[in-house]
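Enquirer: Predicted coordinates and the sequence they were generated for:
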Amino acid sequence: MTIIPALLLQSDSNAAVTGGLLALGGAMFLVFAAIMLLFIIGMWKVFTKAGQPGWAVLIPIYNLYIVLKIVGRPSWWILLCLIPFVNIVVAVMIAIDLAKAFGQSAVFGVVLLFLLGGIGYLVLGFGNYRYLGVPARAAIAAA
């Protein structure tokens, strides 16, 4: 028997399982896309509250540059974000600085902005928080 007839004689009994997995994958994609859209909206509001263009959240490296500008860190920190393991420490520091720029504690920055991702951005963007700026962040740290 050659390979072609052997392939034609194979059973498609797993078609229902495969179809179910594809439907589940499509549903999960829609859930993740909806969550990502919420996070983008939250970060957009944070950018506009800080006086920066909201559309900057959509451009990958430029949005990091804008976040560094909001928290008052130098732009060369973008390079630190590209180094493995160093980027985790830098991301925590940026999250703490962003929380303090909006008058929140370091715990807010670590838990809601770093660990829970976009939830903190939704809280800052749609909450009654004002952007205090970089000098206010330094004054809070001194107090």
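Expert: All right, it came through fine.

Enquirer: ok, and what's touching the host helix or strand of V107?
Expert: In the assignment (DSSP states H and E), V107 maps to helix 106-108. Here helix 106-108 makes contact (CB atoms under 8 Å, 6 or more residues apart in numbering) with 96, 99-100, 120. (C-beta placed from N, C-alpha, C; glycine too.)

Enquirer: could you redo the last one with a cut-off of 10 Å?
Expert: The list of residues contacting helix 106-108 from outside it, by CB atoms under 10 Å, 6 or more residues apart in numbering, reads 92-93, 95-100, 102, 114, 120, 123-124, 129, 141.

Enquirer: Mind checking the pLDDT average for it?
Expert: Rounded to a whole number, the mean pLDDT of helix 106-108 is 92.

Enquirer: Give me the buried positions along it.
Expert: For helix 106-108, a neighbour-count test (16 or more other CB atoms under 10 Å) marks F108 as buried.

Enquirer: One more: stretch 76-85?
Expert: Neighbour counts over stretch 76-85 (16+ other CB under 10 Å) mark 77-78, 80-81 as buried.

Enquirer: Now do the end-to-end distance for that stretch.
Expert: Start and end residues of stretch 76-85 are separated by 17 Å (CA to CA, to the nearest Å).
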